[in-house]
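>>> here is the input, now give the coordinates:
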Amino acid sequence: SSEFQTDWGTRGVGSSSEIYDPGSYSKGSVSALNTAELSAAFWQEHRPAIAFAMWSAILPWNRLDSLGHLHEVLTGDFYREQVESVPEQTWSSAGLLDSAVGGLLGLEILGSNDSMRFSPHLPVEWDQIAVKNIALPHSKIALALHQTIEEADLDVHNQGSPTVIHFEPEIPLGAEIQGAEFAGHAIAASVSRAGEDEHAKVRLEAPAGASHCRVRFTGGVSLSPILSTPQPGDASTGIKLTHVDLRQRILSIDADVNTAGNAAVRLRTPWKIIGVRGAQVRSLSGVSYELTMQPPAAPGDPSAYRRAHAEVTFASP
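Down below sits the predicted model:
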């Protein structure tokens, strides 16, 4: 929720707590390491849209002070260094990279079996990603993934012995598998859905040299919040997703939104939208949309966060 999430990371103490002090090192500051660990936990618990927003909040830290250096902690109320913060902390950089490898890329080395798992979570804005120098006991692997609205293409380069790769890319919620091929032959593919996350699953026996896998799917919907890039001294105003659910062609989204900031998410889907509640939708292309959440009117501070709920209904097949 917005009590903990800011545009630059996660507070250690919620803003409504009696002990909350945004300038305190331990009672309200934002830690890069803790934010990275929390994003990894949300990826692990199958909530990728929220996880990516948390992880991305750390990236602007690279430009806050010396370029490429990450502070230890920032204040909880404004985007600025906390007075006791170390301006370059190895833990901060290590946490960002570790959560990227384990969460964003979903890389898991199964060394005792001389195999690995590649379960990437690509946000809506990304259509490709590559990673190389993945070391296994008897091989070194390079992977390049290209993803569209209807397929995931994986190029594998194996320098070493044949290796088993469990390829499990995130696909749109509600998508259905149409088939999969590896090295020119059809292979078995299945779907795993848990929480706010859906993945295709195939098992590849990657030989030495280059090989290629293609997983085809149809339908479904992907989403990600449109993230804010804070400037020094800014307060937090960006949208904070709290829950996503798809049931019977109805996509439900809960979020904390601030009228002083951005309240939009991106949707990508080949399905036809036939109804929207609690938001305004704008078409960006044939399959891409911008959905702006509309919080209920409430008295009090107009710049405060309020909980908003939206539902998008898609046409039946």
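
>>> can you pull the buried residues of stretch 119-126?
Within stretch 119-126, the residues scored as buried using 16 or more other Cβ atoms under 10 Å are 119, 120, 121, 122, 123, 124. Using the backbone N, CA and C atoms, a C-beta is placed for each residue, glycine as well.

>>> how far does the longest helix along the chain sit from its chain's centre?
If each helix of the chain is counted by residues according to DSSP state H, the longest one is helix 32-44. Centroid separation for helix 32-44 versus its chain: 11 Å, with Cα atoms, centre = their mean, to the nearest Å.

>>> stretch 174-183 too?
Mean-position distance between stretch 174-183 and its chain equals 22 Å (Cα atoms, centre = their mean).

>>> need the buried residues of stretch 119-126 in CSV (columns: distance to residue 177 and pLDDT).
Listed next are the buried residues of stretch 119-126 as CSV, based on distance: Cβ to Cβ, whole Å; pLDDT from 0 to 100:
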residue, distance to residue 177, pLDDT
119, 16, 97
120, 17, 97
121, 18, 96
122, 17, 93
123, 21, 91
124, 20, 88
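
>>> who does the residue lying closest to residue 178 once chain neighbours are set aside bridge with?
In space, and not counting its chain neighbours, residue 178 is closest to residue 216: 4.1 Å by Cβ to Cβ, 6 or more residues apart in numbering. The partner list for residue 216 in beta bridges (DSSP bridges) reads residue 151, residue 179.

>>> and the gap between the closest residue to residue 122 other than its chain neighbours and residue 314?
Leaving aside its sequence neighbours, residue 122 sits nearest to residue 147 (Cβ to Cβ, 6+ apart; 5.5 Å). Residue 147 sits 21 Å away from residue 314, going by Cβ to Cβ, to the nearest Å.

>>> how about residue 249?
4 Å.

>>> which one's more surrounded, the two?
residue 314 (21 against 17; other Cβ atoms under 10 Å).

>>> now do the same contact list for that one.
Residue 314 sits next to 221, 249, 250, 251, 269, 271, 272, 273, 274 when contact means Cβ atoms under 8 Å, 6 or more residues apart in numbering.

>>> and stretch 45-65, how far out from the chain middle?
Here the centre of stretch 45-65 is set off from its chain's centre by 8 Å, with Cα atoms, centre = their mean.

>>> likewise stretch 222-242?
13 Å.

>>> try stretch 187-203
With Cα atoms, centre = their mean, you get 17 Å for stretch 187-203.

>>> CA atoms of it as PDB?
What follows is stretch 187-203, C-alpha atoms only, in PDB (Å, rounded to 0.1, in the frame of the first residue of the first chain):
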ATOM      1  CA  ILE A 187       7.500 -30.500 -27.600                       C
ATOM      2  CA  ALA A 188       5.000 -30.600 -24.700                       C
ATOM      3  CA  ALA A 189       4.000 -27.400 -23.100                       C
ATOM      4  CA  SER A 190       1.800 -26.600 -20.100                       C
ATOM      5  CA  VAL A 191       0.400 -23.500 -18.200                       C
ATOM      6  CA  SER A 192       0.900 -22.700 -14.600                       C
ATOM      7  CA  ARG A 193      -1.100 -20.000 -12.900                       C
ATOM      8  CA  ALA A 194      -0.700 -18.800  -9.300                       C
ATOM      9  CA  GLY A 195      -2.000 -15.600  -7.800                       C
ATOM     10  CA  GLU A 196      -1.500 -12.700 -10.300                       C
ATOM     11  CA  ASP A 197       1.000 -14.600 -12.400                       C
ATOM     12  CA  GLU A 198       0.800 -17.100 -15.300                       C
ATOM     13  CA  HIS A 199       3.700 -19.000 -17.000                       C
ATOM     14  CA  ALA A 200       4.200 -21.300 -19.900                       C
ATOM     15  CA  LYS A 201       6.300 -24.300 -19.000                       C
ATOM     16  CA  VAL A 202       8.600 -26.400 -21.300                       C
ATOM     17  CA  ARG A 203      11.600 -28.700 -20.700                       C
END
